[in-house]
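Q: With the input below, show me the fold.
(one chain, ligands or ions: 1)
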Amino acid sequence: MSIQSVIKGTGSFLPSKILTNVDLEKIVETSDEWIFQRTGIRQRHIVSGEETTSVLASNAARQALAASGLSSDDIDGVIVATTTPDLTFPSVAVHVQAELNLPAKMAFDIQAVCTGFIYALSTAHSFIQSGQCKNILVIGAESMSSILDWEDRTTCVLFGDGAGAVVLGASEETDDKASTPQRGILSTHLYADGRYKDILCTNGGVSKTRSTGVIQMQGREVFKQAVTLMHNIVEEALSANGFTGNDLDWLVPHQANIRIISATAEKLGLPMDKVVVTVEDQGNTSAASIPLALDLAVRDGRIQKNQLILLEALGGGLTWGASLLRF
Ligand code: ACO
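A: Next comes the predicted model:
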């Protein structure tokens with residue numbers, strides 16, 4: 001029997017500083033009405049002072065570890081999805097490892113922009129299924145505010161900072177529970193198409209400009225691609241497991257824009273009260289948005305054990321992906 005990987009605990013962390021649309025009206029020529037109507041965003045959390053991506057990641061990871069009921073010694077891997085690490089190296093993952101005093105086992109970052117958490121989850125799932133690891137901290141953490149051009153109203157209004165984490169671990173459930181549906185990750189689906197690399201990118205990087213650069217985006221083109229590719233991937237994830245949209249308990253999408261999220265829910269025939277939405281309060285936190293939304297819905301009691309959950313995301317690259325799981 002193959003080893004199944006289940007989510008054993010979730011956690012999240014948001015910086016305390018909040019930037020509202022009204023605050024942004026004082027920085028660039030925009031309005032609360034324009035931002036809310038086009039994106040569904042009202043406010044976002046922003047790092048300040050000593051807060052870095054690894055601080056956000058460590059706080060979220062600590063919470064996920066506590067929720068899992070495991071001890072630090074049980075964790076044999078840390079994978080962080082981020083595009084905004086504290087430093088070029090070492091990785092955010094080793095910062096988290098040191099901060100939480102975790103065992104000297106594997107730790108590394110993954111960079112797939114807004115799809116990063118799905119890539120990280122898929123990677124952790126493979127490590128667990130192969131028997132190489134038993135419990136992995138999988139984290140999405142971003143300080144997107146540090147790579148924004150605060151004079152460009154077409155991008156700076158969209159993003160926020162934060163971190164979410166899960167402990168993904170080998171299931172201890174045995175065959176005598178065969179009558180109940182199998183829990184854990186049922187499948188993951190990852191894609192990238194470098195032909196679209198220039199429609200959402202930064203204009204700098206270590207080896208090209210020796211700076212991080214800032215985000216540049218062809219918003220309409222990204223929007224168009226996101227709607228089509230999300231339609232395709234949610235269908236793929238469901239049909240790969242013999243399900244339809246009617247079987248889903250929750251859609252936990254990447255939170256880029258409420259219009260993209262609603263279009264995907266509509267395609268699935270899913271009412272919006274089965275979709276976890278955080279974009280209004282958090283903006284687009286890139287790789288952190290899915291684990292942040294997941295943790296919110298677990299903690300407020302919406303997501304329950306054994307429910308069927310679909311995660312999906314699209315980001316720069318373009319990269320996109322989905323994962324179907326039974327919580
Ligand atoms: N405030 C006021 N006006 C603005 C703002 C702003 N913040 N930003 C742009 N405008 C203006 C534009 O200059 C333009 O003016 P013009 O007609 O005089 O030229 C007008 O608003 C319309 O601009 P568009 O870019 O065509 O607006 P659109 O309806 O496409 O909405 C948006 C823009 C919200 C960015 C949309 O294209 C979108 O959400 N795209 C998806 C991008 C995304 O979410 N990226 C995140 C990363 S990828 C991901 O996570 C999916």
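Q: drop to CA atoms for contacts and neighbour counts, all remaining ones
A: OK.
Q: Which residue is it, in the stretch 1-150 of the chain, that comes closest to the ligand?
A: Of all residues in the stretch 1-150 of the chain, residue 30 sits closest to the ligand, at 3.6 Å by CA to the nearest ligand atom.
Q: Next, the distance between the ends of stretch 146-154.
A: Across stretch 146-154, the terminal residues are separated by 16 Å (CA to CA, to the nearest Å).
Q: can you check stretch 84-95 too?
A: 14 Å.
Q: Work out the gap between that stretch and the centre of the chain.
A: Stretch 84-95 has its C-alpha centroid displaced from the chain centroid by 17 Å (CA atoms, centre = their mean, to the nearest Å).
Q: Need the contact partners of it.
A: Residues from elsewhere that reach stretch 84-95, judged by CA atoms under 8 Å, 6 or more residues apart in numbering: 52-54, 57-58, 78-80, 107-109, 141-144, 146-147.
Q: could you redo the last one with a cut-off of 6 Å?
A: Contact with stretch 84-95 is made by 52-54, 78, 80, 107-109, 142-143, as judged by CA atoms under 6 Å, 6 or more residues apart in numbering.
Q: List phi and psi for the residue of the stretch 1-150 of the chain closest to the ligand.
A: Phi and psi for residue 30, reported as degrees, to the nearest 10, are phi -150, psi -180.
Q: Three-state assignment for residue 236, please.
A: On the three-state scheme (DSSP: H, G, I helix; E, B strand; the rest coil), residue 236 is labelled helix.
Q: Show me what from this protein comes close to the ligand.
A: Within the chain, the positions lying close to the ligand (CA under 6 Å from any ligand atom) are 30-31, 34-35, 38-39, 114, 153-154, 157, 219-220, 222-223, 226, 256-257, 314-315.
Q: on that earlier part again, which pair in the contacts of stretch 84-95 has the greatest spatial separation?
A: Farthest-apart pair in these is 107 and 143; separation 19.8 Å (CA to CA).
Q: Quickly find the element holding the residue nearest to residue 67 when sequence neighbours are not counted.
A: Among residues not flanking residue 67 along the chain, residue 9 sits closest, at 4.7 Å (CA to CA, 6 or more residues apart in numbering). Under the criterion of DSSP states H and E, residue 9 resides in strand 5-13.
Q: Many thanks, we can stop here.
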